[in-house]
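1. I would like to see how this sequence folds:
(chains A, B, C and D)
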2 protein chains.
Amino acid sequence: MADTARNRKKNIRAENEALILQAAEKVFAEAGYGGATMQLIADVAGLPKANLHYYFPTKDELYRRVVETIFQIWLDAANVFENSDGPAEGIGAYIDAKMEISRRHPAGSKVWASEVMHRAPVIQEWLESTLNVWTDGRIALIESWIAEGRMDPVDPRHLLYMIWATTQHYADFGHQIETLNNGAPLDDAQWETAKTNVRRIILKGIGVSPD
Amino acid sequence: MADTARNRKKNIRAENEALILQAAEKVFAEAGYGGATMQLIADVAGLPKANLHYYFPTKDELYRRVVETIFQIWLDAANVFENSDGPAEGIGAYIDAKMEISRRHPAGSKVWASEVMHRAPVIQEWLESTLNVWTDGRIALIESWIAEGRMDPVDPRHLLYMIWATTQHYADFGHQIETLNNGAPLDDAQWETAKTNVRRIILKGIGVSPD
DNA sequence: GTCTATATTTAGATAGAC
DNA sequence: GTCTATCTAAATATAGAC
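-> Below is the predicted model of the structure:
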């Protein structure tokens, strides 16, 4: 009985936190940290402002939680890189995965971009540790592929930057892309075209023939 | 005499406006529109806050002026595209010009990115007119190169997006790149490496051999 | 766990002396 | 043209009844 009550409370908490985090991601993405207000997030979430402060004591804490959920998604996508047996599959799948994230989580991508542009007040430590280690590992992997003659001797670091830049552009600059598409979001076929072009140009650019 | 006095006043105005615009660009880039405060901009410019309001009545007006100065720079760079006789020179020079802008005007690039991410409240009209026309013109030019067999039949639109994304990434995500470079900004040699890699991968990726 | 009312701080903007 | 003092609005955050 006590357990049931406790579980019900837990569920309410989990549901409301998820609701608030979703609204916050959207508002932080569209207005930036400084432009976002607790009132607006509350309105989007459909809750009174005081409830936000009940679940997340400060705006800063809420923002931090939003950012954390994002790089978890990115880390998951990074695995396709590891579980491949060559540049065509590994880099190709990584590009596909990143394009899919841009399509499915555009708000998250924008929050990340904004955070980095503002000198990463929240994720600086993570950039220096996790991302740095991940990048070095991927660079080593790419260098081994180059040594085996499976792709051109490009600078792996700048190749990674190009992949990040190009794939995230479809989320971060989605509004510009939409405007240049007569005000309409890319449809399924257009996303497919985008994905194919990005993958083909980059793979050919580094001397890899697609599978 | 009256003329001299008038000119002196004009100079003071011009100088102070330039001083404020420079400080504002920096602050808007680092804090976003919502995070930037007139007080902070005034501090960076070394002027009392009231002076900002004397030269720029509202924060909105000041921001608008900052954004305007940026796309003038971008438009100038776009000309190298036109005055070329083929994809190797035209696209190669455009990439170089955009990389150089990312290096010299990182703050401006960030303000632009932020503006687009927030659904372009100030530049929407300009996106729909000037940028749209410019893009269509460049697409037609690239399509003519493709028809002449001077490059692969890629989708010109997504090629342009890739160039924008990759070159601007070096400004917008400069902090992340710096962090992954042991906390140091890219030096001359590293910028050269970046530029060479970007140009080479993209040109090869679209079937163009460099000059 | 919810929500109205409110305390407190800080922002954008202006008045008015110099 | 400069700058101190100040107004007003809006933001974060909390108190306390329910």
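2. what about A:Ser129, how many neighbours?
-> 10 (other CB atoms under 10 Å in any protein chain shown). For every residue, glycine as well, the C-beta is placed using N, CA and C.
3. Quickly check: the one helix or strand A:Ala189 maps to near chain B or not.
-> Taking DSSP states H and E as the definition, one finds A:Ala189 inside helix A:188-205. Yes. Under the criterion of CB under 8 Å from any CB of the partner chain, chain B is reached by helix A:188-205 at A:193-194, A:197-198, A:200-205.
4. where does chain A dip in pLDDT?
-> A:1-3, A:211 (pLDDT under 70).
5. can you do 50?
-> Applying pLDDT under 50 to chain A flags residues A:1.
6. Give me the domain ranges for it.
-> Taking automatic domain parsing as the criterion, chain A consists of the domains A:1-57, A:59-205.
7. With respect to burial, which of the ones you listed scores highest?
-> The highest average neighbour count among these, using mean count of other CB atoms under 10 Å in any protein chain shown, belongs to domain A:59-205 at a mean of 18.
8. chain center to that domain, what's the gap?
-> How far domain A:59-205 lies from its chain's middle: 7 Å, per CA atoms, centre = their mean, to the nearest Å.
9. got the residues of chain A near DNA strand D?
-> A:36-39, A:49-50, A:53, A:57-60 (CB under 7 Å from any atom of the strand).
10. Which helix or which strand is home to A:Leu47?
-> Per DSSP H and E, there is no helix or strand for A:Leu47.
11. cool, and A:Gln22?
-> For A:Gln22, the host element (DSSP H and E) is helix A:2-35.
12. Can you give the contact residues for the helix holding A:Ala189?
-> A:87-88, A:91-92, A:95-96, A:99, A:103, A:154, A:159, A:162-163, A:166-167, A:170, A:181, A:186, A:209-210, B:152, B:154-155, B:158-159, B:161-162, B:200-207 (CB atoms under 8 Å, 6 or more residues apart in numbering or on different chains).
13. Roughly how far does the spatially most central residue of chain A sit from DNA strand D?
-> With distances taken as CA atoms, centre = their mean, chain A has A:Ser109 as the residue nearest its mean C-alpha position (4.3 Å). A:Ser109 sits 22 Å away from DNA strand D, going by CB to the nearest atom of the strand, to the nearest Å.
14. My guess is that residue contacts A:Glu100. True?
-> No. Counting by CB atoms under 8 Å, A:Ser109 stays clear of A:Glu100, with 11.6 Å between them.
15. list residues touching both of those two?
-> Joint contacts of A:Ser109 and A:Glu100 (CB under 8 Å, 6+ apart) do not exist.
16. ok, back up a step: can you tell me which of the residues of chain A next to DNA strand D is nearest A:Arg8?
-> Among these, A:Ala50 lies closest to A:Arg8 (CB to CB), at 21.4 Å.
17. Just send the domains of chain A back as CSV, with distance to DNA strand C too.
-> CSV is the format used below for those (distance: least, CB to the nearest atom of the strand, whole Å):
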stretch, distance to DNA strand C
domain A:1-57, 3
domain A:59-205, 13
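18. Please identify which helix or strand holds A:Glu138.
-> Small correction: residue A:138 is Arg, not Glu. helix A:132-147.
19. Output the helix or strand just after that helix in PDB with nothing but the alpha carbons.
-> As assigned by DSSP H and E, the chain's next helix or strand after helix A:132-147 is helix A:156-172. The C-alpha trace of helix A:156-172 is given here as PDB (Å, rounded to 0.1, in the frame of the first residue of the first chain):
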ATOM      1  CA  PRO A 156      41.000  12.700 -39.700                       C
ATOM      2  CA  ARG A 157      40.300  15.600 -37.400                       C
ATOM      3  CA  HIS A 158      39.100  17.900 -40.100                       C
ATOM      4  CA  LEU A 159      37.100  15.000 -41.700                       C
ATOM      5  CA  LEU A 160      35.200  14.600 -38.400                       C
ATOM      6  CA  TYR A 161      34.600  18.300 -38.200                       C
ATOM      7  CA  MET A 162      33.200  18.300 -41.700                       C
ATOM      8  CA  ILE A 163      30.800  15.400 -40.800                       C
ATOM      9  CA  TRP A 164      29.700  17.100 -37.600                       C
ATOM     10  CA  ALA A 165      29.200  20.500 -39.400                       C
ATOM     11  CA  THR A 166      27.300  19.200 -42.400                       C
ATOM     12  CA  THR A 167      25.000  16.800 -40.600                       C
ATOM     13  CA  GLN A 168      24.200  19.200 -37.700                       C
ATOM     14  CA  HIS A 169      23.600  22.000 -40.200                       C
ATOM     15  CA  TYR A 170      20.300  20.400 -41.200                       C
ATOM     16  CA  ALA A 171      19.100  20.800 -37.700                       C
ATOM     17  CA  ASP A 172      20.800  24.100 -36.600                       C
END
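20. the inter-axis angle of helix A:156-172 versus helix B:156-172?
-> 110 degrees (axes from the mean of the first three to the mean of the last three CA atoms, to 10 degrees).
21. Which strands or helices does helix A:156-172 pack on?
-> The helices and strands touching helix A:156-172, judged by 3 or more CB pairs under 8 Å, 6 or more residues apart in numbering or on different chains; DSSP states H and E, are helix A:87-104, helix A:106-117, helix A:132-147, helix A:188-205, helix B:106-117, helix B:156-172, helix B:188-205.
22. just the CA coordinates of the helix or strand following it, formatted as CSV?
-> Per DSSP H and E, helix A:156-172 leads on to helix A:174-179 as the next helix or strand towards the C-terminus. Taking Å, rounded to 0.1, in the frame of the first residue of the first chain, the C-alpha atoms of helix A:174-179 are listed here in CSV:
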residue,chain,number,x,y,z
GLY,A,174,16.8,24.1,-40.4
HIS,A,175,14.9,27.4,-40.5
GLN,A,176,17.1,28.7,-43.3
ILE,A,177,16.8,25.5,-45.2
GLU,A,178,13.1,25.6,-44.8
THR,A,179,12.9,29.2,-46.0
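23. Thanks a lot, see you next time.
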